[in-house]
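**Q** sharing a model that was predicted from the sequence below.
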2 protein chains.
Amino acid sequence: MPDPDRPSPAAARTGSGSGRRPSAAAGRYGGRPTMKDVAARAGVGLKTVSRVVNGEPGVTADTESRVRAAIEALGFRRNDSARILRKGRTASIGLVLEDLADPFYSPLSRAVEEVARANGSLLFAGSSAEVPAREQELALALCARRVDGLVIVPAGEDHRYLEPEMAAGVATVFLDRPAQRVEADTVLTDNADGARRAVAHLIAHGHRRIGFVGDRSAIHTAGERLRGYREAMARAGLPVDEAWVAMGPTDPDRVRAGLDRMLSGPHPVTAVFAGNNRVTVTAVRVLYGRPGPVALVGFDDFELADLLRPGVTVIAQDPARLGRTAAELLFRRLDGDDSPPRRVELAADLLVRGSGEIPPAG
Amino acid sequence: MPDPDRPSPAAARTGSGSGRRPSAAAGRYGGRPTMKDVAARAGVGLKTVSRVVNGEPGVTADTESRVRAAIEALGFRRNDSARILRKGRTASIGLVLEDLADPFYSPLSRAVEEVARANGSLLFAGSSAEVPAREQELALALCARRVDGLVIVPAGEDHRYLEPEMAAGVATVFLDRPAQRVEADTVLTDNADGARRAVAHLIAHGHRRIGFVGDRSAIHTAGERLRGYREAMARAGLPVDEAWVAMGPTDPDRVRAGLDRMLSGPHPVTAVFAGNNRVTVTAVRVLYGRPGPVALVGFDDFELADLLRPGVTVIAQDPARLGRTAAELLFRRLDGDDSPPRRVELAADLLVRGSGEIPPAG
């Protein structure tokens, strides 16, 4: 259980010098000196310590002796991290995603990896498959392998399990979805705003009966997009028939069933807002095969959306920018930025291509 | 440098019982007892050792005492692996890819991860960005973090750096491209055969001037597909104008330039064979915007290929099957399969959708 008197994770991990990590409050990993401790004591950057430990060039004799003195004073060589480092271990960060196979995460992962590389770190990625226990297992397994930092697309709703790691110096940035029950850096898209704009766009093209097919409501982004949908409808004074809202897993059969339901019955929708790229791709398959045209706006861009006929109008997040922003924030923390936890919300763009400008049938 | 008298990696890693790893020949990690050593000495499976070490249920008292005796006898608790394991470390395997952002690798990664999960392991993935030094750094960094096995999509042309790891028991499977200068399990698509069939399909539809836009020739799959292209042309008695062959990086500008060259001049091609999904997507953008129809067959399927007009005819590898096959082979090795290294070649399917059946212009 967390100690309410412990300093915030950001303060704990970025405080400098002696006494930054009192043993009584530092959690189960608190006793292990890290490269960052060595860097702080020697008054040098993390990369300098890494160079000394790995026997790489680019360090003056004076600096090297300061680093070695700090290593000896802190007992850094006595732990397993030092053992691995002496064998040539390189710096690394971890990335916990929701699904390795979702194309949304491809440019995001690559951007995180590019920033890691530019900072001399390797990236290890794994996926939670949207299972909270799996997220925790992966994140802690990465910490046990001594990553310097973590970028997490969280599946779980309680991230207190990371507090000991964060207090021990693991820089942690939550991405795409916020941290819960811990204070931590977070980089998000403004999902509710994007959803409002998608729905307002359909309303501006004459639609009054608009459906929303989203991911499972428990997923933060899905909930936020549903909220944006409802707010846009309410602002326009339009009622929402609950038959028009279909939240659930994004497998094609479930999405098809949701679409079939909202496209039939006494008040069929004339337009659909698809809650993410997995939903949009299935919606394209269903709607583009129908005789009567149905308007479509998707959340998230996807490859070839512009080459379909009609092109698919989307609210486009920039997954590469999300990944880059999170990774750059992480490395700023590792470089000593000890400002309070930040929450960065990026806007998403509306890309008009044809499917979202189809007028209501009849 | 490798010791010519050392047993092959496969024999070294799967031999059982005492003396399986003579200290003189086992490379720099040879002295560390592994969970597999404990398993072999106790006469139990790897998962049983993992359960004991992690304090998980499902082990009889008798088995547990045998495992603990083996741990003590081998000194397993004295190394850093055991230290990490006592803290709750779980089993893991590593995956080294070429590019985290290439959609070809998304289902492949997910399939490897699903097999890992079914075998109680976590997956850590990273990408080489097609840089051999990066592949080596990543693979060795994963080994330093005590993965039980590696699935590698290799970028390099000399994998002897892995021999000490393989001899120390890291099960290693090469995927999509073969191992070089080491004997190791390999799972591939029959790329030359797939390319021959793609080109034969275009020839059967009346084409005589067929272009090939491929990835860099140094990449194994690109070279094999080029070979298949040339063989199919030769079998049909058709000459190849070297202006019709464009090998190089798959960025859109380079692909566009290659296409422009083969589509102009005195002998323009009437059909294009695109060497991978990155090339095909750009080829669609170039060819679908032209007035005169040009036939197109792509290597690798991609999302929405069937929804374009015309649909894109492809030679479809099954990346999920590639990943699953490699991961299952890896876990069979970890379970004690000590047969000689295997080479599995999977066939690719021709999916006829319209673009490859366009007749020659004029």
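**A** Perfect, thanks for sending it. Since the structure is predicted, the reported quantities are computational estimates derived from the model, not experimental observations.
**Q** give me the number of residues near A:Arg342?
**A** A:Arg342 has 15 neighbours, counted by other CB atoms under 10 Å in any protein chain shown. Every residue, glycine included, has its C-beta placed from N, CA and C.
**Q** mind checking pLDDT for it?
**A** The score at A:Arg342 is 97. That number is its pLDDT.
**Q** which strand residues bridge the nearest residue to it once chain neighbours are set aside?
**A** Of all residues not flanking A:Arg342 in the chain, A:Asp185 sits nearest, at 5.2 Å (CB to CB, 6 or more residues apart in numbering or on different chains). For A:Asp185, the beta-bridge partners are A:Val173 (DSSP bridges).
**Q** so who does A:Asp185 touch?
**A** By CB atoms under 8 Å, 6 or more residues apart in numbering or on different chains, A:Asp185 lies in contact with A:Ala10, A:Thr172, A:Val173, A:Phe174, A:Ala326, A:Leu329, A:Leu330, A:Arg333, A:Pro341, A:Arg342, A:Arg343.
**Q** for stretch A:251-260, give the mean pLDDT please.
**A** 97.
**Q** hmm, I typed the wrong one, I wanted stretch A:265-281.
**A** On average, stretch A:265-281 scores 95.
**Q** flag every residue of the stretch 201-350 of chain A that's near chain B.
**A** A:Val281, A:Val284, A:Arg285, A:Tyr288, A:Phe302, A:Glu303, A:Leu304, A:Leu307, A:Leu308, A:Arg309 (CB under 8 Å from any CB of the partner chain).
**Q** which members of those are positioned in strands?
**A** Using DSSP state E, no member of these sits in strands.
**Q** of the residues you listed, closest to chain B?
**A** Ranked by distance to chain B (CB to the nearest CB), those are led by A:Leu304 at 5.1 Å.
**Q** I'd like to know how far the closest one sits from A:Arg230.
**A** Per CB to CB, to the nearest Å, A:Leu304 is found 31 Å from A:Arg230.
**Q** ok, now A:Ala222?
**A** From A:Ala222 to A:Arg230 the distance is 13 Å (CB to CB).
**Q** please say which of the two ends up with more neighbours.
**A** For A:Ala222 versus A:Arg230, neighbours defined as other CB under 10 Å are more numerous around A:Ala222 (23 against 17).
**Q** okay, and that one sits in which element?
**A** In this assignment (DSSP states H and E), A:Ala222 forms part of helix A:220-235.
**Q** what does the pLDDT read for the most centrally placed residue in chain A?
**A** Geometric centre of chain A, nearest residue: A:Leu175, 2.1 Å, by CA atoms, centre = their mean. At A:Leu175, the model reports a pLDDT of 98.
**Q** thought it was touching A:His220?
**A** No. Counting by CB atoms under 8 Å, no contact exists between A:Leu175 and A:His220, whose distance comes to 11.4 Å.
**Q** could I get the full set of helices for chain A?
**A** A:9-14, A:35-42, A:46-54, A:61-74, A:80-86, A:105-118, A:132-144, A:163-167, A:191-204, A:220-235, A:252-263, A:277-287, A:319-334 (DSSP state H).
**Q** got the CA positions of the third one in PDB?
**A** What follows is the C-alpha trace of helix A:46-54 in PDB, where atoms were taken according to Å, rounded to 0.1, in the frame of the first residue of the first chain:
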ATOM      1  CA  LEU A  46      23.200   9.400 -17.300                       C
ATOM      2  CA  LYS A  47      25.000   8.900 -20.600                       C
ATOM      3  CA  THR A  48      28.300   9.600 -19.100                       C
ATOM      4  CA  VAL A  49      27.800   7.000 -16.400                       C
ATOM      5  CA  SER A  50      26.700   4.500 -19.100                       C
ATOM      6  CA  ARG A  51      29.800   5.200 -21.100                       C
ATOM      7  CA  VAL A  52      32.100   4.600 -18.100                       C
ATOM      8  CA  VAL A  53      30.200   1.400 -17.100                       C
ATOM      9  CA  ASN A  54      30.300   0.100 -20.700                       C
END
